[in-house]
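Enquirer: Predicted model follows, preceded by the sequence.
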Amino acid sequence: MTTESMIEVDGLTKYYGDFPAVSGLTFSVRKGEILGFLGPNGAGKSTTMRVLTGYMPPSSGTARIAGYDIVGDSLKARQHIGYLPENVPLYTEMTIREYLSFMGKIRGMSNERIVSRTNDVIQICHLEDYRDTLIGKLSKGFRQRTGIAQAVLHEPDVLIMDEPTIGIDPIQIVETRQLIKDLGGEHTLIISTHILPEVSMICERVVIIHEGEIVAEDTPKNLGDRLEGTERLTMEVRGPIKEVTKAIRNVKGVQDVSFANGESGSGLYNIIGKREGDMRVDLAKAVVDNGWGLLRMEAVTLSLEEIFLRLTTAEGS
Ligand SMILES: Nc1ncnc2c1ncn2[C@@H]1O[C@H](COP(=O)(O)OP(=O)(O)OP(=O)(O)O)[C@@H](O)[C@H]1O
Ligand SMILES: [Mg+2]
């Protein structure tokens with residue numbers, strides 16, 4: 001059933017004092033999958049990641065990494081994890097190479113392996129020109145890459161990255177996203193982000209978390225398609241606004257029509273309707289039968305921004 005899932009989270013709950021930062025999270029991530037962890041500030045993303053990486057224990061519930069319980073088999077579980085925390089604790093007075101070597105020693109890697117892996121990750125993360133630069137002198141983007149480099153140093157199966165592209169400029173962000181995508185396939189990844197387009201670009205599946213609970217879980221595309229079973233269309237019609245609006249409203253399945261704008265005798269209408277059936281045929285007929293001009297009709301898919309807002313604003317809770 002879940003033999004190939006590398007991360008299995010079941011009923012995970014974390015209290016800070018008597019405040020439940022995360023409650024009852026259940027999800028799993030398949031081998032080689034990139035899961036996006038999405039949610040507004042304070043949703044519980046970092047908390048979940050800190051628990052998954054063994055940084056702090058859950059209050060209740062369980063999580064398994066590569067089959068190892070993060071509490072009962074913490075050491076084994078941690079050997080399979082690479083973690084890029086929200087604030088990477090980099091040592092500013094070390095060079096990148098010294099830092100990576102230091103991290104390798106902490107993790108009990110052999111000297112030869114440290115040397116060869118350090119070279120590998122410097123290449124993977126495109127840090128060649130900075131290997132002997134003090135971390136304190138690196139720009140934010142290169143520090144972030146150094147953070148990623150330490151996360152993959154010991155070749156973990158599972159990577160957990162907390163907002164890996166935060167603070168990175170637009171040029172570096174493209175490269176960093178590509179780097180993260182390239183890591184998928186071999187690794188199993190969870191990345192957290194607020195950046196919705198990033199999720200569509202990088203992730204195969206998204207878990208949206210709000211006030212410590214999962215409010216949606218799907219592929220970025222399905223989330224867009226299925227939300228509330230509604231369908232949205234825009235239609236450009238040449239005809240009298242009031243009558244056109246009325247005629248559209250009378251079409252079966254239409255729930256709402258609004259007039260957006262118009263120029264020289266034509267108007268743009270936004271239509272929301274039930275997903276079942278195809279309203280388009282009836283809509284076109286309504287317009288043409290009245291002798292108006294149908295200039296254009298398009299289906300509108302909800303952007304992730306809209307979905308996110310709908311799922312995380314007040315009525316969701
Ligand atoms: N050490 C702590 N002690 C008490 N409360 C905490 C602690 N860390 C986080 N919280 C609270 O737990 C909730 C979840 O915080 P968390 O940092 O997990 O959110 P997040 O989703 O990572 O947010 P962001 O997008 O801002 O990084 C918040 O309400 C936060 O104030
Ligand atoms: Mg956070």
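Expert: The structure has been received and is ready for your questions. Numbering: from 1, shown residues only. Ligands and ions are numbered 1, 2, ... in the order given.

Enquirer: CA atoms of stretch 20-28 as CSV?
Expert: These are the backbone C-alpha positions of stretch 20-28, laid out as CSV (Å, rounded to 0.1, in the frame of the first residue of the first chain):
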residue,chain,number,x,y,z
PRO,A,20,-1.6,23.8,19.0
ALA,A,21,0.7,25.0,16.2
VAL,A,22,0.0,21.9,14.2
SER,A,23,-2.9,19.4,14.7
GLY,A,24,-3.6,16.0,13.2
LEU,A,25,-1.5,16.3,10.1
THR,A,26,-1.7,13.1,8.0
PHE,A,27,0.0,12.8,4.6
SER,A,28,2.7,10.9,2.8
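
Enquirer: For the residue of the chain found nearest ligand 2, list the residues it contacts.
Expert: Residue nearest to ligand 2 within the chain: residue 46 (3.1 Å; Cβ to the ion). In short, each C-beta sits where N, CA and C put it, glycine included. By Cβ atoms under 8 Å, 6 or more residues apart in numbering, residue 46 lies in contact with 86, 162, 192.

Enquirer: let's see it at 7 Å
Expert: Residues near residue 46 by Cβ atoms under 7 Å, 6 or more residues apart in numbering: 86, 162.

Enquirer: isn't there a helix covering it?
Expert: Yes: assigned with DSSP: H, G, I helix; E, B strand; the rest coil, residue 46 falls within a helix.

Enquirer: So the nearest residue to residue 95 once chain neighbours are set aside: helix, strand or coil?
Expert: Spatial nearest neighbour of residue 95, excluding adjacent residues (Cβ to Cβ, 6 or more residues apart in numbering): residue 132 at 4.9 Å. Classification of residue 132 by three-state DSSP places it in coil.

Enquirer: rewinding a little: can you give me the distance of the residue of the chain closest to ligand 2 to residue 220?
Expert: 22 Å (Cβ to Cβ, to the nearest Å).

Enquirer: do residue 9 as well
Expert: Note on residue 9: its distance to residue 220, by Cβ to Cβ, is 20 Å.

Enquirer: More neighbours: those two, which one.
Expert: residue 9 (25 against 20; other Cβ atoms under 10 Å).

Enquirer: and the nearest residue to that one once chain neighbours are set aside, how many neighbours does it have?
Expert: Nearest residue to residue 9, sequence neighbours excluded (Cβ to Cβ, 6+ apart): residue 63, at 4.7 Å. Residue 63: 24 surrounding residues under other Cβ under 10 Å.

Enquirer: Let's see the pLDDT reported for residue 63.
Expert: Looking at residue 63, its pLDDT reads 97.
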